[in-house]
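J.: got a predicted structure plus its sequence, pasted below:
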Amino acid sequence: MTHEETLVFASRLLASPEQVWARATRLSGLDAELGPWLSFGAPPDCRDVAALLARARAGRPPRAVLRFAGVVPLVAWRIGIERFEPGHFVERSPFPGLRVWRHDRTVRAVHGGAELVDRLTFEPRLSALARPARALVRALFAHRHARLVAWWGGSRLS
């Protein structure tokens, strides 16, 4: 039997919350976080999280593809945006190999800039995949936060 796990990644960034939020919710910003080896593919009419949400609410959840080197598809899934408001979104998607996938991203004002927090809750379908899943999520989001700090300046908090 597997159990849900939650990992939290937080960074203090030297930019306004509005700047950080605008970039963090555009697909070009997502690609910048994932780069240089990974990229995020979505339908051409979806340039930001708000467009993904609009398609999902219209009964057409968009298909996303995580690619290696921009061309080799690694995994594809239907994106489910559960909540979207300025400074906060929650993605809950049916993800291959996972019974649970929830990505909660918050950007808030702090003295001298913004704090961006990613909270990932996941549960592999097979208990044997718990350690590799944890390692993969940890590596992916540590990389994303390192890229955010490199772009905006600031520091990792967790």
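T.: Ah, there it is.
J.: can you give me the distance of the residue most central in space within the chain to residue 128?
T.: The centre of the chain sits closest to residue 103, judged by CA atoms, centre = their mean, with a distance of 6.1 Å. Remark: distance between residue 103 and residue 128 (CB to CB, to the nearest Å) = 23 Å. (Each C-beta comes from the backbone N, C-alpha and C, glycine too.)
J.: ditto for residue 153
T.: Counting by CB to CB - residue 153 and residue 128 are separated by 41 Å.
J.: with residue 71 instead?
T.: 30 Å.
J.: one more: residue 13?
T.: From residue 13 to residue 128 the distance is 37 Å (CB to CB).
J.: looking at these two, which is more packed in?
T.: Taking other CB atoms under 10 Å, residue 13 and residue 128 do not tie; residue 13 has more neighbours (25 against 10).
J.: that one: what's it in contact with?
T.: Contact analysis of residue 13 by CB atoms under 8 Å, 6 or more residues apart in numbering lists 20, 113-116, 148-149, 152-154.
J.: now, among those, which is nearest to residue 83?
T.: Within the contacts of residue 13, proximity to residue 83 (CB to CB) peaks at residue 116, which comes in at 16.5 Å.
J.: would you mind writing the CA trace of the helix or strand the closest one falls within as CSV?
T.: Using DSSP states H and E, residue 116 falls within strand 113-124. Taking Å, rounded to 0.1, in the frame of the first residue of the first chain, the C-alpha atoms of strand 113-124 are listed here in CSV:
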residue,chain,number,x,y,z
GLY,A,113,10.3,40.9,-3.0
ALA,A,114,8.2,37.8,-3.3
GLU,A,115,8.1,34.3,-1.9
LEU,A,116,7.2,31.5,-4.3
VAL,A,117,6.1,28.2,-2.7
ASP,A,118,5.4,25.0,-4.5
ARG,A,119,3.6,22.2,-2.5
LEU,A,120,3.5,18.9,-4.3
THR,A,121,1.4,16.1,-3.1
PHE,A,122,1.7,12.8,-4.9
GLU,A,123,1.1,9.1,-4.5
PRO,A,124,2.6,6.5,-6.9
